[in-house]
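> 3D, please:
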Amino acid sequence: MEVEQASREELLGEIERLRREVEDLKREKTDLEILLETTTEHSDSVEADLYYKAEEAAKESQRRLAQFLEAVPIGVFVVDASGKAYYANQMAKQILGRGIMSDLTGLDLLEIYQVYLAGTEQLYPSDRQPIVSALKGKSATVDDVEIHQGDKIIPLEVWATPIFNEKGEVVYAIAAFQDITDRKRAEAQRNQFTKQLFQLNLAYERFVPREFLQLLNKKSIIDVKLGDQVEQEMSVLFADIRNFTTLSESMTPEENFKFINAYLSRMEPAIIGNKGVIDKYMGDAIMGLFSSDADDAVKAGIAMLHRLAEYNQDRAKVGYVPLRIGIGINTGALRLGIVGGLNRLQGTVISDTVNLAARIEQLTKNYGVSLLISHQTFASLPNPTEYAIRLVDRVRVKGKSKTVSIFEVFDADPPEVREGKSATRSVFEEALLFYHRHSYIEAAQKFQDCLRQNPMDRVALIYLERCQRIKNGDFLLNQNSAASLCPPFCTLASF
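From the prediction side, this is the model:
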């Protein structure tokens, strides 16, 4: 009985639930019918209300966009698909100098707004205008535009982009531009500073050559400090004008400066052009350094003598006496570095190699030749037979026990003298052999043979005169002279 009672109650409960659901559905139907009737009756007013709200939203959006465009610190200029001006913000009007000219297009706009190619009086080419590119569907940017407002020129950077409709058609082109006067001024100042810095570096290089810094393994002069030094095998060249004191006495100080500069400016390319570095000018003297090989130093010396010959031709045309110079070259290890104090620094080289080069240069006076090299330089030449070279003597440097052989390089001699020295080289070498064996009579005969074939051979003449003095017994008077040819070796005094 209890089970049956429970089943009845469950059934009644389910019926009641279904009844309530039916009532709910009836009420929902009634509500829907009322809503449908109301919607139908007021559809026109709803549609109008929605249109009004959409229009107001569009106007608000346009107002906000206009506020934004007026607030931006750049000019904004819009043209329609036909190229006619449509809109310009206040900044655009200020930069262009006038407002919208809606009835103009193309070149007319360029003329009215005075749009020119930067740095010219030419209207900006229409085919290069960014806004023309935008009307063709392409974005573009340029910074070579100028607006001319009377005497005022405003440089502009312009960038433009197309605006498409839902069909992908260009309906507007918008160009934004800004006054880049400050930027152009900054660029000009930067370029001027860069130019000045470049010129300053060039000026520094005139005092401290870039090659000198490279030898010190320094990238810049600001990296140089007192005590920097390196040891290196180099060839050292000394050159000096003969009888410069006599020449300078006949000139005013101003004329001396002009003369020295004219001479040095002609010698410098011979050194620089053969991979040399001019270490210093000492009045009329030049000291050059060659780090590659001895060939460069010898070629530079020959080139200097050729340039001197050309210079003498120019001097002769105006009645000036010809110049003669002596060049000495030595090769060996040296110390290259920075010396001085806290407030004054100088690059220099220190070594016996340098001292000997200077002394060899002075010997050119005594032998009557233009170019002498040491045996160290001779031995460093890859192919000595490329040059016109002959042994001149062996000398003992004062304070040193070792002797130095010196060679004459006569490639730059006048053709007749060079050919004569080349033709008599073997005879001259025999004469030197007799001389150093103290066979002065035989040596004199050989030197006479050289002079018969080449009367301009100054070295052969000097040796012949020495042999004659030795024969007369007065050679001892010259044994201690700075460059005597007395047997067995010469003594080179300090300078």
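> Please export the C-alpha coordinates of the lengthiest strand in the chain as CSV.
If you go by DSSP state E, the chain has its longest strand at strand 325-340. Extracted as CSV, the C-alpha positions of strand 325-340 are listed here (Å, rounded to 0.1, in the frame of the first residue of the first chain):
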residue,chain,number,x,y,z
ILE,A,325,122.2,68.5,-52.4
GLY,A,326,123.8,65.5,-50.7
ILE,A,327,121.9,62.4,-49.6
GLY,A,328,123.0,59.8,-47.2
ILE,A,329,121.1,56.5,-46.5
ASN,A,330,121.7,53.9,-43.8
THR,A,331,119.8,50.8,-42.7
GLY,A,332,119.5,49.2,-39.3
ALA,A,333,117.6,48.8,-36.1
LEU,A,334,116.3,52.0,-34.4
ARG,A,335,114.0,53.1,-31.7
LEU,A,336,111.0,55.2,-32.8
GLY,A,337,108.9,56.9,-30.2
ILE,A,338,107.7,59.9,-28.4
VAL,A,339,109.9,62.3,-26.4
GLY,A,340,109.4,65.5,-24.6
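> Quick check: buried residues in that strand?
Applying a neighbour-count criterion of 16 or more other CB atoms under 10 Å, one finds Ile325, Gly326, Ile327, Gly328, Ile329, Asn330, Thr331, Gly332, Leu334, Leu336, Gly337, Ile338 buried in strand 325-340. For every residue, glycine as well, the C-beta is placed using N, CA and C.
> Stretch 279-299 too?
So stretch 279-299, judged by 16+ other CB under 10 Å, has buried residues 279, 284-291, 293-299.
> Which one of those residues is nearest to Gln313?
Of all the buried residues of stretch 279-299, Gln313 sits closest to Asp284, with 19.8 Å by CB to CB.
> which one of the buried residues of strand 325-340 is nearest Gln313?
Ile325 (15.3 Å).
> Pick out the residue closest to the middle of this structure.
Taking CA atoms, centre = their mean as the criterion, Phe198 is the residue nearest the geometric centre of the chain, at 7.6 Å.
> So that one, which state does it fall into?
helix (DSSP: H, G, I helix; E, B strand; the rest coil).
> now, which of the buried residues of stretch 279-299 sits nearest Phe410?
Val298 (11.7 Å).
> now the closest one, what's its secondary structure?
Per three-state DSSP, Val298 ends up helix.
> and if you look at Ala412?
Three-state call for Ala412 (three-state DSSP): coil.
> Run a quick neighbour tally on it.
Counted with other CB atoms under 10 Å, residues neighbouring Ala412 total 20.
> What does it show for phi and psi?
Torsion angles at Ala412 (phi, psi; degrees, to the nearest 10) stand at phi -90, psi 0.
> Could you say which helix or strand holds the closest residue to it other than its chain neighbours?
Leaving aside its sequence neighbours, Ala412 sits nearest to Leu305 (CB to CB, 6 or more residues apart in numbering; 3.4 Å). According to DSSP states H and E, Leu305 maps onto helix 294-317.
> pLDDT averaged over that helix, what's the number?
Per-residue pLDDT over helix 294-317 has a mean of 94.
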